[in-house]
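Colleague: Quick check, what structure comes out for this input:
(3 chains)
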Amino acid sequence: MSAQFITDAVLVLVILLNLGMLASSRLATGVKLFALQSLLLAFLPLAEEVLEGQSPGLHAFIIGAGTLALKVVLIPYILLRIIRTGEVHREVEPFIGFTASVFVGALLVIGSFAVAMRLPLPMVPVSKLIVPVALSTLLLGMLTLVSRLKAITQVIGFLVLENGVFILGLLLLKQTPLLVELGILLDLFVGVFLMAIVVYHIRREFDHMDTHLLDALKES
Amino acid sequence: MSAILASLAMLLGGAALSAMLSRMARLALMAGVASIIGASIMCLIAAWPCLAHSSEAAPTTLAWPTPLGEARLALDGLSAWFLVTIALLSSTVALYAWSYMQAEINRGPVPALAAFLCILVAALILVVTAADAVLFLIGWETMMLASFFLVSFHHRRREVRRAAWIYLIANHLGTALFVLPLFGMLAAKAGTLDFQFFRAALQGEGRDMTTVLFLLGLFGFGTKAGFMPMHIWLPVAHPAAPTPVSALLSGVVIKAGIYGLLRLLSWLPALPARCAIVMLVFGMVSGCLGVLYALAQHDIKRLLAYHSIENIGIIGLGIGMGMLGQSLGRPALVALGYGGALLHVLNHALFKGLLFLSAGAVMHATGTGDIERLGGLARMTPVNAGLFLLGAVSICGLPPFNGFVSEWMVFGSLLGGTWGASRSAAGMGAMGAISLALMGGLALACFAKVFGVVFLGEPRGRTLQAHATPPLMGTAMFVPAILCAGIGILPGVFVPLAGGGVRAVAGMGVREFGGAMQPILTSVTQLSLFATLLAAIIIVLLLLNRILIKQAGATVTRAVMTWGCAYAKPSARMQYTASSFAWSLIQSFRSLLWPQRKWVAPVGLFTAPSELETHTPDMAEQDVFAPLMRGAGRVFRMIRTVSWTGEPALRAIPVDAGGRARPARVLVAGVVTALRQGRIHVYLAFIVFTLLAVFIMESLSSRPLSAPGSPVPISAPAGGGIDDGGSK
Amino acid sequence: MILVRVIAAILEGVLVLALPPMLMSIVVKTKAWFAGRTGPPWFQPYYDLHKLLNKGAVYSRTTTWVFRAGPIVNLAALLTAATLVPVLSSHSVFGFAGDVILVAYLFALGRLFIVLAALDTGSSFEGMGASREVTFGTMSEPALFLSLIVLASATKSLQLSEMIGPQLFAARGAVGPALLLVVGALLIVLLTETCRVPVDDPATHLELTMIHEVMVLDHSGPDFAYITYGAALKFLLLGSILLHVAFPHPAQSPWIDVPLRVIELAGLAAVVGVIECSMARLRLNRVPLLLAGATVLAALAAVLALTGSVT
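Modeller: Numbers count the residues shown, from 1 in each chain, chains lettered A, B, ... in the order given. Modelled structure (predicted):
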């Protein structure tokens, strides 16, 4: 059980959680899975520094703590609250069936492994899994965005996508200034906050949260 | 060699005799049957030394000239293997036809059938022994025409005529567009039509040239063999033809396509890996979709026809792994892949022949091939049921029968490809292995359905009458049945016989091949042990069962009703039907199949009659070729009206459009409406697609991460630098 | 020396054949404890088998020889497979390169005959069970074979006793987390193939919701004993494969190996019991999703193993 094994296992688990989000039929489950994924990711910067043989620095620590506070606690709390007060339909309504979207997701994962192996990288990553996992998290987030109807699921998709960006950012942990990372986190929070307000109002006006009912004003 | 000439002469004589005896149908049939059986024995005699000692008979040049040179016949391991396949199945079918056709003697053109059967077998023999392009093509065309006439035996029925025309047109398109250009290019390269110079002439060819030749062969011969999506004639022609003809079509005629492909591969120098990947993809698609469509059919012959497509897919997987092994320079993969493919050619001829003949016996006995109306035949025709079950176990690739041996070899090559230097081989091997596993599971489901619904339970049709199988028909079916069991129980005897064929295709030396084959033979011989063990355990358990029941004081209670969970009045109509049995699988794969379901649900307390009907039309036929043909027909009609004006003499074949929601059209319409309605998901999807496209382009243009010359990832499309190690 | 080995092998064989009903007993006991009951005696499955073997049989007038062949061929196929699977030690009785495919296909042979025997009764209940059995059996096939691909490429062997034997112990570092995914996939395959919660509930009394139990409604006497024993044996065989992957042992003395495996098997049975207590049977239309999950787990493992992405 080396640190390497644990890092790899965590990264694999991140993909599994992504696929789990695609398979889950409950909105709340999706949010909880996202929180779990973010929890795992929050420890990755620290683990990376340990793997490279340094003692964990303040930089990694702050990023970890910020992720923990925002993506594990605050954002899931807001989303779960909306779901609880929404009370209309708690089930995810997919365009594509659950089984089908899991398979499409698996294909995307395989594809990102194939692509990642051919991408030229400036430096040797800590784990060979980082790039493919980041790519597949990005793609699966997009899949959630595209294939789900509810506004909440779209928020989740957006957040997962951002997690993908976060994993990719691990490669550049040293090179990225702390300010930029914190800026991203703040942006994320503001984005989700705004979306939460929008979703709340959609629900209050129309009594549902389906985005596909919002295209009644179409030009045809 | 003279034995082959003798058999050809015998067949032509038989054909002439049956044509002359057209007034005396019974005698004509007898002449045809006798000459086919005689010719088959001659073929076996001719092929035996070739297989047993893997010697090659010297090419025979005939004195009479064909239009573009002299006629040449040759026999090597590959030809001999196919010759044996043809001989075994056609003699069985001839024997069966003698009994089966008695009922038709006063109703249909039986003498013509006998004559064309002789011609078909002769043409098949010619195709696999010709050593000259012109003679090969003469054989090829004769085979096609003869089987066209055989398919249209019941020519008074409209759907039979339609099937025959589809068969003729599809196969001629394949020949005209691909096979003829292929031979044209080969002849231009070699400067001769003689097969023996082709290999040498192609030695220095570049990769692009060999790829083009391979693709021409794949599409041309693949149309005959029935690879998806060129398969459309297959499920139409098989049910329309009389049973002996369906058995021949499925057992050996489609194998002529495989023979052509393998013969082409024997000329081509080691192909780039991308060709092997194309072959494997064709194998996977044909295999999986073939068996899925089969599962959705309710006509027993149509179902078996789709299973032929599945088995051609399995053969394709074997060929693909053989090619991949060649391009990677791994003799073990070559021996397992090509060996498995060749063995499966013979095995499929045997068990599919057996199944078709057995299905024919069912139709003979009951007058229907609609499995929803059958049931309980195991009690009325027990021998036939046993034979069908044997065929079913074989075709599902289950031990201890022959299907398992060849699937085992193909599996071995696929799994063996998953380790080693090449990642493309690993990925393809893994994908091939899971599709073969899926095919195995689906085939099991399908034959559980067929055997369970046709032979077990109670008759579903209220007025089902069945008479026993005529003894001669039963006897004829025992030939393939015994061989199915024999190959399964003694694979160590039969597998080495395919060695000559593998060497001919791969161009391997005896020693290299022997080295690759040795471990395979060691393992294959072990299979006999387990077949024996299984049989022994079955016997012990059976005896134990008997003894225990005896001990219990003979309290065996028979003749009671099936326990219906306390329901006292069960009826035969409450049984599971084929539709309902297969539905849960079919609807899981609905996005691939687009099945239709007509369901009138029971409503209220006193319900009106309710019904459930499922129907799965062929997507390639309905959505690809039918529109294509309609378009072509429109163009031709326009040309014709320009020149002649007036009503065209021959109306275009009406194609049943049926008002069905067509997948392609639904998709296009969906995208178009979505675009017009401005859905946010669609816009997002476009962003995702663009991003994916950029990814793929980027990954193709950049060099691999690892050291140069190292293998490339699994799913990189065929354009990039896919390795061709060993092709130089 | 050889004599000792032969005796050891015979003893192991006897133990393997005697063990399956005990595993079923452990599952039942676990469930009873969770419900606060004592449960039936430990040897109840053995008493049941004894009782069934000494009874007569009832055959419906609809059935044919296929109905009687079903239990026999099924058990024979499983017993043949048992000679190829390393159960307690790291060796199997027989073995050759490629035997792993034979094992998988022997399971399929058994399934075909059980299904045909069910269809032979002409009852709609049994037809329904048969239909579900082939559906889920087919869907679990890709997961099983993908797992085998991972093991084959890790050990570079196609012989089952090597794929999950000490060779796997040596290779486990190179495979890394892929092995955990395979364990997950194999667990789902095990639950599906042996018809346990969350796919099927062996304890339910509603014919409409069962799969395996509803297929064998009409069997009685020794036939039913064969079926019961066969189901337990299948659990033992698949469970052993799972355990050999989950806890690969190095090559070591059988005096350590065998007791350890017996304990692990008991643990697995207890885990299955806990699963049965802690979750409900899935709705039938959700089962394909579960099996898709198993396939995806195994596919991910295969991608990791074949691309060599794990260091």
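Colleague: what residue lies at the spatial centre of chain A?
Modeller: The centroid of chain A falls nearest to A:V160 when counting by C-alpha atoms, centre = their mean (1.7 Å).
Colleague: Contacts only, for it.
Modeller: Counting by C-beta atoms under 8 Å, 6 or more residues apart in numbering or on different chains, A:V160 makes contact with A:18, A:21, A:34, A:37, A:137, A:140-141, A:144. Quick note: C-beta positions are derived from backbone N, CA and C, even for glycine.
Colleague: Over to B:G457?
Modeller: B:G457 touches B:375-376, B:572, B:575, C:62, C:119-122, C:127, counting by C-beta under 8 Å, 6+ apart.
Colleague: returning to that earlier point: sec struct for the residue nearest to the centre of chain A, please.
Modeller: What DSSP: H, G, I helix; E, B strand; the rest coil gives for A:V160 is helix.
Colleague: List the buried residues in stretch C:302-309.
Modeller: Going by neighbour count (16 or more other C-beta atoms under 10 Å in any protein chain shown), the buried part of stretch C:302-309 is C:302-307, C:309.
Colleague: ditto for stretch C:214-232
Modeller: Buried, per 16+ other C-beta under 10 Å, within stretch C:214-232: C:214-232.
Colleague: so C:L144 is in which element?
Modeller: helix C:124-155 (DSSP states H and E).
Colleague: Can you pull out the residues in contact with the helix or strand just after that helix?
Modeller: Heading C-terminal from helix C:124-155, the first helix or strand you meet, by DSSP H and E, is helix C:160-163. For helix C:160-163, contacts defined as C-beta under 8 Å, 6+ apart pick out C:84-86, C:90-92, C:95, C:99-100, C:103, C:148, C:151-152, C:154-155, C:157, C:241.
Colleague: Can you list the low-confidence ranges for the chain?
Modeller: By default, I'm working from chain A. Applying pLDDT under 70 to chain A flags the ranges A:1, A:56, A:86-95, A:120, A:122-124, A:173-176, A:179, A:200-220.
Colleague: To clarify, I was referring to chain C.
Modeller: Chain C contains residues with pLDDT under 70 at C:205-207, C:309-311.
Colleague: how about the strands in it?
Modeller: Applying DSSP state E to chain C gives strands spanning C:58-60.
Colleague: Helices of that one, residue ranges please.
Modeller: Under the criterion DSSP state H, helices of chain C are mapped to C:2-34, C:44-53, C:65-82, C:99-119, C:124-155, C:160-163, C:166-175, C:177-193, C:212-215, C:221-246, C:254-278, C:287-307.
Colleague: Specify the stretch among these that is closest to B:C565.
Modeller: With C-beta to C-beta, the closest approach to B:C565 among those belongs to helix C:124-155: 5.8 Å.
Colleague: In TSV, list the buried residues of stretch C:302-309 along with distance to chain A.
Modeller: Output for the buried residues of stretch C:302-309, formatted as TSV (distance: C-beta to the nearest C-beta, whole Å):
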residue	distance to chain A
C:A302	9
C:V303	5
C:L304	7
C:A305	11
C:L306	9
C:T307	5
C:S309	5
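Colleague: Does the closest residue to A:V165 other than its chain neighbours lie in a helix or a strand, and which?
Modeller: In this structure, A:V165 finds its nearest non-sequential neighbour in A:L138, 7.0 Å apart by C-beta to C-beta, 6 or more residues apart in numbering or on different chains. Counting by DSSP H and E, the element that carries A:L138 is helix A:130-147.
Colleague: Check B:S327 too.
Modeller: For B:S327, the host element (DSSP H and E) is helix B:300-328.
Colleague: Tell me who's in contact with the residue lying closest to B:I105 once chain neighbours are set aside.
Modeller: Counting by C-beta to C-beta, 6+ apart, B:I105 lies nearest to B:A25, which is 4.7 Å off, once chain neighbours are set aside. Each residue near B:A25 by C-beta under 8 Å, 6+ apart is listed here: B:105-106, B:110-111.
Colleague: what does B:P602 give?
Modeller: Applying C-beta under 8 Å, 6+ apart to B:P602 gives the contacts B:608, B:610.
Colleague: Can you tell me how far it is from chain C?
Modeller: Applying C-beta to the nearest C-beta, to the nearest Å, the value for B:P602 to chain C is 15 Å.
Colleague: Wasn't that residue part of a strand?
Modeller: No - assessed with three-state DSSP, B:P602 is coil; it does not lie in a strand.
Colleague: Please report phi then psi for it.
Modeller: The phi/psi pair for B:P602 (degrees, to the nearest 10) reads phi -70, psi 140.
Colleague: Pull up the per-residue confidence for it.
Modeller: At B:P602, the pLDDT value in this model is 81.
Colleague: Give me the neighbour count for B:S591.
Modeller: Residues lying near B:S591 (other C-beta atoms under 10 Å in any protein chain shown) number 13.
Colleague: same deal with B:A332?
Modeller: Neighbour count for B:A332, taken as other C-beta under 10 Å: 19.
Colleague: Now it: phi and psi?
Modeller: B:A332 adopts backbone torsions of phi -60, psi -40, taken as degrees, to the nearest 10.
Colleague: just the one 4 residues further on next, same as before
Modeller: Here the main-chain torsion angles of B:L336 (degrees, to the nearest 10) amount to phi -70, psi -40.
Colleague: give the contact list for the nearest residue to it once chain neighbours are set aside.
Modeller: Distance criterion C-beta to C-beta, 6+ apart; nearest residue to B:L336, sequence neighbours excluded, is B:S413 at 3.7 Å. Counting by C-beta under 8 Å, 6+ apart, B:S413 touches B:318, B:321-322, B:325, B:333, B:336-337, B:340, B:429.
Colleague: again with C:K55
Modeller: For C:K55, the contacting residues are B:552, B:555, C:220-222, by C-beta under 8 Å, 6+ apart.
Colleague: how much space is there between it and C:M24?
Modeller: Noted for C:K55: a distance of 19 Å to C:M24, by C-beta to C-beta, to the nearest Å.
Colleague: and if you look at B:L89?
Modeller: 48 Å.
Colleague: Likewise for C:T63?
Modeller: From C:T63 across to C:M24, the span is 27 Å (C-beta to C-beta).
Colleague: what residues does chain A put near chain C?
Modeller: Residues of chain A lying close to chain C (C-beta under 8 Å from any C-beta of the partner chain) are A:4-5, A:8-9, A:12, A:15-16, A:19, A:23, A:98-99, A:102-103, A:105-106, A:109-110, A:113-114, A:117, A:127-129, A:132.
Colleague: Quick one: classify B:L612 as helix, strand or coil.
Modeller: The assignment at B:L612 comes out as strand when based on three-state DSSP.
Colleague: which residues sit in contact with it?
Modeller: B:L612 makes contact with B:577, B:579-580, B:597-600, according to C-beta under 8 Å, 6+ apart.
Colleague: Can you go through the residues you listed and name the buried ones?
Modeller: B:577, B:579-580.
Colleague: Out of those, which comes closest to chain C?
Modeller: Distance to chain C, by C-beta to the nearest C-beta, is smallest for B:S580 among those, at 6.9 Å.
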